[in-house]
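**Student:** Need a 3D model of the sequence below.
(one chain, ligands or ions: 1)
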Amino acid sequence: MAFTRATGKHRRPSRLTRKSASMAGVAALATTGVIGGLASPALAADTTADAAHTVQDTGLTEAIVIGDSLADEIAAQADQQKRAAAKAEAARKAEAERKAEAKRKAEAKAKAEAEARAKKEREEHAAKERAARAAERKRLNSYTLPVAGSVVTTGYKTGGNLWSSGSHSGVDFRAASGSSVVSVGAGTVVEAGWGGAYGNNIVIRMNDGTYTQYGHLSSIGVSVGQAVTSGQQIGVSGSTGNSTGPHLHFEARTSPEYGSDMDPVAYLRAHGVNV
Ligand SMILES: [Zn+2]
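**Tutor:** Numbers count the residues shown, from 1 in each chain. Model prediction:
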């Protein structure tokens, strides 16, 4: 191909100029050698009339067609790549946001669970304390036999000349000498000492306002004014006073005085004692 001064006779500069721009773009994108060659600005600028014209009419026309198509295609491709990149970026952001949201949710869940555990522990602790207080109240308010495992050997109001009133003012519990005698419930000692026919005896004012009495003791272990709990030992059984043998005489009363007696078995049963 000869490159000489152009005559201008067959030049079509406007078209060539227009196309050279897109051709140059094509060349810059490193496409085929043919297009690259045709895209040379020299071709557009200076060509001999005949030789260049032939090239222009054949190669260029074809190149122009190819150029248009490729440029469009490349532009479309670039657009597509941009869109794909934008789409990928949007997807990446959405994924990052999704992960952040999942993390926030997991943290909130863990916090809620920890709070629920703490609340449950507090409630369980409070329930245990309530149960312990209830058990203590029950223990304090519960009643028991005055001699563990004993039975009544002589009933209430039993007649006979052994008793000054003509009938038994309490009940007798079987108790070998030296058996532990306990308060049947919580109360305060109001009498502790010699009681005549009762021998060594104790009277306790119970917390519910009633009284209990324990007689014929071999020894007394409490003093007047002393508070006692249910089941607490107050003395030791014996046969002191008007007694024919070791046992515990037990009375339930409405007052500390002799003669205010009530049925001791019914009294103990009313307080939940199995007798
Ligand atoms: Zn008796």
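
**Student:** Quick check: which element contains residue 202?
**Tutor:** Residue 202 is part of strand 200-206 when elements are defined by DSSP states H and E.

**Student:** counting contacts, what elements does the following helix or strand past that strand pack onto?
**Tutor:** The element immediately downstream of strand 200-206 (helix or strand, assigned by DSSP H and E) is strand 211-220. Here strand 211-220 touches strand 187-194, strand 200-206, strand 233-237, strand 248-253, going by 3 or more Cβ pairs under 8 Å, 6 or more residues apart in numbering; DSSP states H and E. All C-beta spots, glycine's among them, are computed from the backbone N, C-alpha and C.

**Student:** And strand 211-220, what's buried?
**Tutor:** Of the residues in strand 211-220, those with enough neighbours to count as buried (16 or more other Cβ atoms under 10 Å) are 211-218, 220.

**Student:** can you check stretch 137-152 too?
**Tutor:** By neighbour count on 16+ other Cβ under 10 Å, the buried set for stretch 137-152 is 142-147, 150, 152.

**Student:** one step back: indicate which one of the helices and strands packed on strand 211-220 is closest to residue 225.
**Tutor:** Proximity to residue 225, assessed across the helices and strands packed on strand 211-220 by Cβ to Cβ, is greatest for strand 187-194 (6.5 Å).

**Student:** how far is the helix or strand harbouring residue 108 from where the chain is centred?
**Tutor:** Using DSSP H and E, residue 108 falls within helix 61-141. The gap between where helix 61-141 is centred and where its chain is centred comes out at 24 Å by Cα atoms, centre = their mean, to the nearest Å.

**Student:** And the next helix or strand past that helix?
**Tutor:** Stepping forward along the backbone from helix 61-141, the first helix or strand reached (DSSP H and E) is strand 152-154.

**Student:** what's next to the helix or strand just after that next one, contact-wise?
**Tutor:** Towards the C-terminus, the helix or strand next in line after strand 152-154, according to DSSP H and E, is strand 171-173. When contacts are defined by Cβ atoms under 8 Å, 6 or more residues apart in numbering, strand 171-173 is touched by residues 145-147, 150-156, 247-251, 264-265.
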